[in-house]
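# predicted structure and sequence below. I'll ask about it afterward.
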Amino acid sequence: MSWKDIPGWFEEDGAAVYADAVRDAVPGDTLVEVGVAYGRSLACLGEAVIASGKRLRLIGVDPWEDTPEAFGGPEFQTMRDEFGGFYDACVGNLTLHTPEVARNVRLLKMSSKSATMVVPGPISFVFIDGDHSYEVVKADIAAWILRLAPGGVLAGHDYGDAHPGVKRAVIEAFGEDGAEIVGSCWRVGVIK
Ligand SMILES: C[S@@+](CC[C@H](N)C(=O)[O-])C[C@H]1O[C@@H](n2cnc3c(N)ncnc32)[C@H](O)[C@@H]1O
């Protein structure tokens, strides 16, 4: 039973980014994932938090909007429908495959923008994997960077040519070489 049993888009490169975030966090810190979908990546982060033994607050943010077609397409349809909806599929996957994570995570069913106003600090890490459009990634970076504690890390998924909006927003915010690229992820340490 592990995060790898949950369907989604997250692989070892992202797991390495999460491992570093947990290693660098200190007790009392908040770690945020924006864009949870079916729970795969959040389960990975949660497993790292639990393995660390540190008292960290783990928050997953997603509107989990139910649409006629399951998020991600037909291959997710049966699973989503069996759980009874998008949000329930996430909760169900976490509970089935990573029960300890399910007990230790707080899920915020809202947009990233709304979450920036309610997530408690100090926030040491935010991972942006929500709406991949240029406008929203740009807005996510601008909003979450203000919420990060000094020395915090802002990172995200799907940096590459398949998601030009992500790449453009990251380059605009941090410059051509401003973000470290880890596989399909980008990462920036924020000094305040
Ligand atoms: C690519 S998926 C996330 C995948 C997940 N992190 C994984 O690796 O399995 C993108 C998610 O972002 C969510 N999303 C869309 N707009 C959002 C917003 N404004 N704020 C937060 N999440 C959003 C979608 O509902 C979807 O679940």
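Structure's in. What do you need?
# quick check: end-to-end length of stretch 168-179?
12 Å (CA to CA, to the nearest Å).
# from the chain's centroid, how far away is that stretch?
Using CA atoms, centre = their mean, to the nearest Å, the distance from the centre of stretch 168-179 to the centre of the chain it belongs to is 19 Å.
# which parts of that stretch are buried?
169-170, 173-174, 179 (16 or more other CB atoms under 10 Å). Just so you know, the C-beta spots here come from the backbone N, C-alpha and C atoms, and that holds for glycine as well.
# just curious, which of these is nearest to residue 145?
Distance to residue 145, by CB to CB, is smallest for residue 173 among these, at 7.9 Å.
# related to what we said a few turns ago, tell me which of the buried residues of stretch 168-179 fall in helices.
Using DSSP state H, the subset of these located in helices is 169-170, 173-174.
# spit out the contact partners of the most centrally placed residue in the chain.
Note on the chain: the residue nearest the mean C-alpha position is residue 33, at 2.7 Å, using CA atoms, centre = their mean. Residue 33 is in contact with 41-42, 45, 58-61, 126-127, 129, counting by CB atoms under 8 Å, 6 or more residues apart in numbering.
# quick check: residue 125 is in a strand.
Yes. Counting by DSSP: H, G, I helix; E, B strand; the rest coil, residue 125 falls inside a strand.
# what about it, neighbour count?
Using other CB atoms under 10 Å, residue 125 has 26 neighbouring residues.
# how about residue 110?
For residue 110, the count of nearby residues is 14 (other CB under 10 Å).
# element containing it?
Following DSSP states H and E, one finds residue 110 outside all helices and strands.
# ok, back up a step: dump the ones in helices among the buried residues of stretch 168-179 to a markdown table, plus pLDDT and distance to the ligand.
Output for those, formatted as a markdown table (pLDDT from 0 to 100; distance: CB to the nearest ligand atom, whole Å):
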| residue | pLDDT | distance to the ligand |
| --- | --- | --- |
| 169 | 98 | 14 |
| 170 | 98 | 16 |
| 173 | 98 | 17 |
| 174 | 98 | 21 |
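# just the closest of these to residue 150, please.
Taking those together and measuring to residue 150 by CB to CB, the closest member is residue 174, at 17.1 Å.
# that closest one contacts residue 188, doesn't it?
Yes. When contacts are counted by CB atoms under 8 Å, residue 174 is listed as touching residue 188 (5.4 Å).
# show me the contact partners of stretch 55-62.
Defining contact as CB under 8 Å, 6+ apart, one finds that stretch 55-62 is touched by 22, 25, 27-37, 39, 42, 45-46, 49, 87, 90, 101, 104-112, 115, 119-120, 130.
# which of those count as buried?
Of the members of the contacts of stretch 55-62, the ones counted as buried by neighbours, 16+ other CB under 10 Å, are 22, 25, 29-37, 39, 42, 45-46, 49, 87, 90, 101, 105, 107-109, 111-112, 115, 119, 130.
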